[in-house]
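Enquirer: fold the following and give me the result.
(chains A and B)
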Amino acid sequence: MRVATIGLFMAAFMSGTACAEDLDLEGWWRDACLWEVGSNLEKVPAARKKLIEAGAPTLDFLIPGKLTAADTIITRALSMVITGIAGTATQKPQSPELRNKALAGLINALTSTDAVTRRNAADLLGQMGATEAADRIAPLLKDKEARGGALAALGALKAESCVPDIAEMARDATVTERGRFTAVATLGAIGGRLAQEALLSFLSDKTATVRFAAQYALEALSSTGALVAKLRDPDRRARLHAISALGRIGDRSTRADLRPLLDDPDATVRGFAVEALSSMQKPSDAAWIRERMRSEKDEFVKGKLIEAMKRVESGGTE
Amino acid sequence: MKRRLVLFFAAAAAFGVALRAEDPPKEVPTAKAEGPLLDKAVLKRLEQALDCVNLSVEDLGWDKRPLSDDWRLACVNDTLDHPLALADYAQRAEKEFADDPSAAVLNGAAWLDFEPAKLQVLRDEKFGMELPIQPAAARDIMLAALREWRFAESQRLSAMEALDDADEASLAKDGVRLYADESEEAWDSTAVLAVAKKIDLAGLVRAEAALAGAVKMLRSAAAKIDGAAWKSDTWRLPNMAAYPELKGLTVAIGGPGPDRHTADLVIDAGGDDEYTGCRFVLDLGGDDTYRGCGKGMVAIGLIVDLAGNDRYIDKNIAQGGAAFGASLLVDVAGDDRYEADQCSQGSAFYGVGMLFDLAGDDGYRGARHVQGFGGVKGLGVLSDVAGNDTYYAGGKYSHAPLLPENFQSLSQGFGFGLRPNVSGGIGILADHAGNDQYTAEVFGQGASYWFALGLLIDSAGHDKYDLYQYGQGSGIHLSSAALFDRAGNDAYSCNNGVAQGCGHDWAAGMLLDLAGNDYYQGAGMTHGGANANGFGILIDRAGDDAYSGVRPECQGFSFQSRGTFGLGVLLDLGGKDKYSQGGRDGTAWTKTTLGVGLDCEEAK
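Expert: Residues are numbered from 1 along each chain as shown, chains lettered A, B, ... in the order given. So this is what the prediction gives:
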């Protein structure tokens, strides 16, 4: 009896329409889209789990019908459920058939007349790690309403072939600010020599969000060599970004490059240098910190020296 | 006076031509003579602070509005694009929403993106009818009140001209649910919002302007009345083809003793009266109780109470609360108590709702969306001109699932849009004098959510601000807000962060305190904090202040989120101050990538 039941279930499951009338997809989806906080902490994961276990009927239910959602609470649910079924770059799918089913549906949705659907489809393909879809996603970089999804996907897929187009987008003054700094962040997600070169140029961008996106991306790539070269950049903003990034990367091999900046005539540069060096401090730093605490006039730099001394005193290693 | 009024109406009726322009709008006041609140001295220090995190004042205009919709107000976009302008808006609000309702409405029109001059309308002076009211002074002022009512109502009706019967039924059935839904169940607001788009908001502003004009007229007329001989009575107006707006209305005159009124329009000479369900009231004195009066739900409502310690008890959309309508409450004197549930005490969505309390130590108590609240296309203003006042909002609607043990407030200078695609309005609470106490739970006290603007302004006194979470000069999710306290030794307390000058998620927030020895207590993101493309700033210009926070995420703090930065700034520009998280007098400090604090004596 038990074997027969399982057999029936498996047959229905494989057919992709199994017991659809018994599945409360609408109800589960409603719960899956709630905010996963407080009293929903158990309800939301439980609903998502049921949707994932249902497999093929859930994919039919969500793709493309539920891809029209713009609210991030719902797109988060889409992500959890679809990747739960179709897998990611690091997580196996329930089955190759289900991955292919999701893949086909999402690729088809890339040409939907609804922009949000196109954007979500691209984003989800990226989350699935569907490298085979990269060429189908890339054209969406020209799609003003859906390129946010394309950027997220191409970053996740590390589509190096798209770096020139993405860098161009990041430089394009007609692109929205959000589009520009997202493109910069995508360059960081993709990585590689070309992306790094482009990112360095954005440290001098006029727009603060773009500059900082470039700094964060270079930090994530641990681009120490390139950043050290930027320490001598004529643009003060770029220099400060480079110092800050090197401090946050914390590669001690860059200490020698940062040390001369302690004597920079620009107090802000000195303060940044103190902070960067103190993030990779050695006990022997106490001597120069103490010395500079006596001679430094600028209050910002003095504050940074005090913080640095506290760090050294709390324990650093040679 | 009596004779003049009778003759006036008789002559107008006889010739039937006397049209005159509505009183020309007052000149909209410009910024205070004191100059901008953020003057060169502040900007110089701000520039100094921003340099410590590789930014400049010019950089603050980074994009904080990646979405657009048809409901957006210009002041919301402006303050997101230029977050330092929040100080200018607070300064304007302090000046423009004070003790003159007429000026406030005209000024408010500009906040709602209308040119005040274009709201000018012609008033039909030929109005007149036979009323069996004695004495003549009572009849004359009732006639004047009816004329004002009709004028205001005609403006409201003009706003609704494009609505058909089905639209009106939709508003009646679901309109209130936009912000005063008690079921807490998800519902589709698309149909109601589609109807709302057919409403001519300018007509509702004109209706509010007409109500404000009525206040002026009624106060002036009341000053000359001796109602000692008035006898209480109620009449139903006859149906008059010429005046369909007055069809079925009941009117009442109250004598000098205590009365119980239920008529639509009431003029009462004095005594401790009880009003229930009245729509348009002038009360000359006594300690009165109002229940369900002056409501602005798809309607106009007006209460003018000239004296006495009064009590206002309502549920929703009352006490200067409007939804698809216009509502005005003016209490001229006395220590008054206001109690309501939702969308009241200077609250509006799709319309204008204002409450002016001109004197006395007053108490305001409500649950949610009260005390200066603006929902979509709404301007809600509470202006309390004098006295030591207490404000409480919360205690009823749980903030489950996030904080099931705490209650929502969304009040006390709060703007609120409807996520994900409907921008919100403007909520302003302006308290002009006295030592005041503000208590709210989740969301409040110069705060906003989703493309809206919230302002709390306190002009004087030693004040206390108590909040659980989200507010005190904080924009939450693509929104902007400010708390401006001009003077006094003030105490700000927040249990759970995102408060005291914060921008949370593409948002801008400012807490500006100009003077006094102040105490700031917070937890989590407070004292100038931001994340996810937000900007938050706390500026304290003078006094010996203390900043207390157990967690390090305060006193000039930001963190990266969703691949974006945020900028949190704490500027203390005078006095001997204490900081719990590392700041000290005469220095600058930074936290994370883009959190900065600067303590210094202000540059002269």
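Enquirer: got the residues of chain B near chain A?
Expert: By C-beta under 8 Å from any C-beta of the partner chain, the residues of chain B that approach chain A are B:51-52, B:54-55, B:59, B:62-63, B:66, B:400-404, B:419-421, B:533, B:560, B:563-565, B:582, B:584, B:586-590, B:593-594, B:600. The C-beta positions use only the backbone N, C-alpha and C, and glycine is treated the same way.
Enquirer: please redo it, this time with the cut-off set to 7 Å
Expert: Neighbours of chain A within chain B, by C-beta under 7 Å from any C-beta of the partner chain: B:51-52, B:54-55, B:59, B:62-63, B:66, B:400-404, B:420, B:533, B:560, B:563-565, B:586-589, B:593.
Enquirer: any stretches of the stretch 51-200 of chain B with poor pLDDT?
Expert: Low-confidence segments of the stretch 51-200 of chain B (pLDDT under 70): B:124, B:184.
Enquirer: which parts of it are helices?
Expert: Taking DSSP state H, counting those that start in this stretch, the helices of the stretch 51-200 of chain B run over residues B:74-81, B:85-96, B:101-111, B:136-159, B:165-170, B:177-180, B:190-196.
Enquirer: do the stretch 1-150 of chain A as well
Expert: Per DSSP H, counting those that start in this stretch, the stretch 1-150 of chain A carries helices over the ranges A:2-15, A:25-32, A:43-54, A:56-62, A:72-86, A:96-109, A:115-128, A:134-137, A:147-156.
Enquirer: Throw those into TSV and include mean pLDDT, thanks.
Expert: Shown next, in TSV, are these (pLDDT from 0 to 100):
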stretch	mean pLDDT
helix A:2-15	43
helix A:25-32	96
helix A:43-54	96
helix A:56-62	97
helix A:72-86	95
helix A:96-109	98
helix A:115-128	98
helix A:134-137	97
helix A:147-156	97
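Enquirer: mind putting those helices in CSV, distance to chain B included?
Expert: Converted to CSV, those look like this (distance: least, C-beta to the nearest C-beta, whole Å):
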stretch, distance to chain B
helix A:2-15, 32
helix A:25-32, 8
helix A:43-54, 9
helix A:56-62, 19
helix A:72-86, 9
helix A:96-109, 20
helix A:115-128, 11
helix A:134-137, 19
helix A:147-156, 9
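Enquirer: what's the end-to-end length of stretch B:377-395?
Expert: Its start and end residues considered, stretch B:377-395 measures 27 Å (C-alpha to C-alpha, to the nearest Å).
Enquirer: and what of stretch A:195-208?
Expert: Here the two ends of stretch A:195-208 are set 19 Å apart, with distance taken as C-alpha to C-alpha.
Enquirer: what about it, near chain B?
Expert: Yes: using C-beta under 7 Å from any C-beta, stretch A:195-208 reaches chain B at A:207-208.
Enquirer: so what touches that stretch?
Expert: Stretch A:195-208 has contacts (C-beta atoms under 7 Å, 6 or more residues apart in numbering or on different chains) with A:163, A:167, A:170, A:177, A:180, A:184, A:187-188, A:210-211, A:214-215, A:217-218, A:221, A:223, A:226, A:230, A:235, A:237-238, A:241-242, B:55, B:59, B:62.
Enquirer: export the helices of the stretch 51-200 of chain B to TSV and append columns for mean neighbour count and distance to residue B:448.
Expert: Supplementary listing: those in TSV, determined by neighbours: other C-beta atoms under 10 Å in any protein chain shown; distance: least, C-beta to C-beta, whole Å:
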stretch	mean neighbour count	distance to residue B:448
helix B:74-81	21	8
helix B:85-96	23	11
helix B:101-111	24	14
helix B:136-159	22	25
helix B:165-170	13	27
helix B:177-180	22	14
helix B:190-196	17	19
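Enquirer: and those helices: which comes nearest residue B:284?
Expert: helix B:136-159 (10.1 Å; C-beta to C-beta).
Enquirer: got the phi/psi numbers for the spatially most central residue of chain A?
Expert: Centroid-nearest residue in chain A, with C-alpha atoms, centre = their mean: residue A:189, separated by 6.5 Å. Backbone torsions of residue A:189, given as degrees, to the nearest 10, read phi -70, psi -30.
Enquirer: need the pLDDT of it.
Expert: In this model, residue A:189 is scored at 96, pLDDT.
Enquirer: ok, and the closest non-adjacent residue to it?
Expert: Closest residue in space to residue A:189, ignoring its immediate chain neighbours: residue A:155 at 3.2 Å, by C-beta to C-beta, 6 or more residues apart in numbering or on different chains.
Enquirer: contacts only, for that neighbour.
Expert: By C-beta under 7 Å, 6+ apart, the neighbours of residue A:155 are A:186, A:189-190.
Enquirer: quick one: it from residue B:409, how far?
Expert: Counting by C-beta to C-beta, to the nearest Å, the gap between residue A:155 and residue B:409 amounts to 40 Å.
Enquirer: ok and the residue in the stretch 51-200 of chain A nearest chain B?
Expert: Nearest residue of the stretch 51-200 of chain A to chain B (C-beta to the nearest C-beta) works out as residue A:177 at 3.7 Å.
Enquirer: name the nearest residue to residue 37, sequence neighbours excluded.
Expert: Reading this off chain A. That would be residue B:402: by C-beta to C-beta, 6+ apart, it lies 4.7 Å from residue A:37.
Enquirer: wrong one, chain B
Expert: Closest residue to residue B:37 apart from its sequence neighbours, by C-beta to C-beta, 6+ apart: residue B:87 at 4.3 Å.
Enquirer: who's in contact with that neighbour?
Expert: Going by C-beta under 7 Å, 6+ apart, residue B:87 touches B:36-38, B:482, B:510, B:512.
Enquirer: tell me the one of those nearest chain A?
Expert: residue B:510 (18.4 Å).
Enquirer: the closest one contacts residue B:480, doesn't it?
Expert: No: contact criterion C-beta atoms under 7 Å: residue B:510 and residue B:480 do not qualify, at 8.4 Å.
Enquirer: and the stretch 201-318 of chain A, which residues reach chain B?
Expert: A:207-209, A:212, A:216, A:237, A:240-241, A:244, A:268, A:271, A:299-300, A:302-303.
Enquirer: determine which two of those are furthest apart.
Expert: Greatest spacing in those, by C-beta to C-beta: A:207 and A:302 (31.8 Å).
Enquirer: sorry, back to before: okay, and the common contacts of residue B:510 and residue B:480?
Expert: Here residue B:510 and residue B:480 share the contacting residues B:83, B:86, scored by C-beta under 7 Å, 6+ apart.
Enquirer: what's the residue of the stretch 301-450 of chain B found nearest chain A in contact with, if anything?
Expert: With C-beta to the nearest C-beta, the shortest gap between the stretch 301-450 of chain B and chain A falls at residue B:401, namely 3.5 Å. For residue B:401, the contact set (C-beta under 7 Å, 6+ apart) comprises A:35, A:37-40.
Enquirer: can I have the buried ones of those as a ChimeraX selection?
Expert: To isolate in ChimeraX the members of the contacts of residue B:401 that are buried, counting by 16 or more other C-beta atoms under 10 Å in any protein chain shown, one can use:
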select /A:40
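Enquirer: still on that earlier bit, remind me which helix or strand the residue of the stretch 301-450 of chain B closest to chain A belongs to.
Expert: Following DSSP states H and E, there is no helix or strand that holds residue B:401.
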